[in-house]
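In: Give me a 3D structure for the following:
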Amino acid sequence: MAPGQWVEKVWGDPSKAGEPFVIRIHNDAGYIVLPHTHVIDENITVVQGSWAVGMGARFNRAGLEPMDLGSFGIMPKNMAHFGWAKTETIVQVHGIGPFSGMLVDPVYELTDKGVLQLRSLLMPGTSTASSPEGCFALEVGARVHGKAGEGIVVSARCSPANQLTQYWIQKPNSERFWATFQELKPV
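Out: I've put the predicted structure just below:
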């Protein structure tokens, strides 16, 4: 999985057609799940933290509906939706496979090995020579300060269609959080 989000298989195999599955998706605090769709209904239960979800092909903070610990929600198949982890969050997803998360628009990921282009939330990206102009104002290794603390940029994601760049920050104590460029100040 990509930095700041990873999947834990609880039961079954989400990649197999017709097979029931249960997975847990872990998100670091501040992580924005960009607009995406699934080919099956997504049944979501918040098992840790505070989560918010919204519907539509563009990320919109005003359109987020909070889902606190224990909340259940369903995202119908092929419905574009997005999310935000207010705190470190784990959502449990169950359904009948195959489960995939296709991004509505391409996303660019800045890593210590270069730039990747993502088309899926659950699959690795492909290497690309560059990202759209203005995507990444900060580099990997930059020292920054935000509301959640101080640390270094270890990765970033840019969605030109959503006019959004978010940075994955690791604090000196190894805790991690995500913040948009506007929420950070270089140190």
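In: Contacts for stretch 151-160, please.
Out: 2-4, 34, 59, 105, 107-112, 118, 131-132, 135-136, 138-144, 164-172, 176-177 (CB atoms under 8 Å, 6 or more residues apart in numbering). Every C-beta, even on glycine, is put in place using the N, C-alpha and C of the backbone.
In: List only those of those flagged as buried.
Out: With neighbours counted using 16 or more other CB atoms under 10 Å, those contain these buried positions: 2-4, 34, 59, 107-111, 118, 131, 135-136, 138, 140, 142, 144, 164-170, 176-177.
In: what comes into contact with stretch 162-175?
Out: So stretch 162-175 is in contact with 3-4, 28, 30-32, 34-35, 58-59, 105, 135-138, 144, 146, 148-159, 176-181, 184, going by CB under 8 Å, 6+ apart.
In: Mind checking which of the residues you listed are in strands?
Out: If you go by DSSP state E, the contacts of stretch 162-175 have 32, 34-35, 105, 144, 146, 149-159, 176-180, 184 in strands.
In: Could I have the buried ones of the residues you listed as PyMOL selection syntax?
Out: Those of these that count as buried under 16+ other CB under 10 Å are selected in PyMOL with:
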select buried, resi 32+34+35+144+146+151+152+153+154+155+156+157+158+159+176+177+178+179+184
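In: Stretch 73-81: end-to-end distance?
Out: End-to-end distance of stretch 73-81 (CA to CA, to the nearest Å): 12 Å.
In: Buried residues, that stretch. List them.
Out: 75, 80, 81.
In: Likewise for stretch 29-38?
Out: Neighbour counts over stretch 29-38 (16+ other CB under 10 Å) mark 29, 30, 31, 32, 33, 34, 35, 36, 37, 38 as buried.
In: OK, contacts around the second one?
Out: Okay, so that is residue 30. Taking CB under 8 Å, 6+ apart, we find residue 30 in contact with 84, 85, 86, 148, 166, 177, 178, 179.
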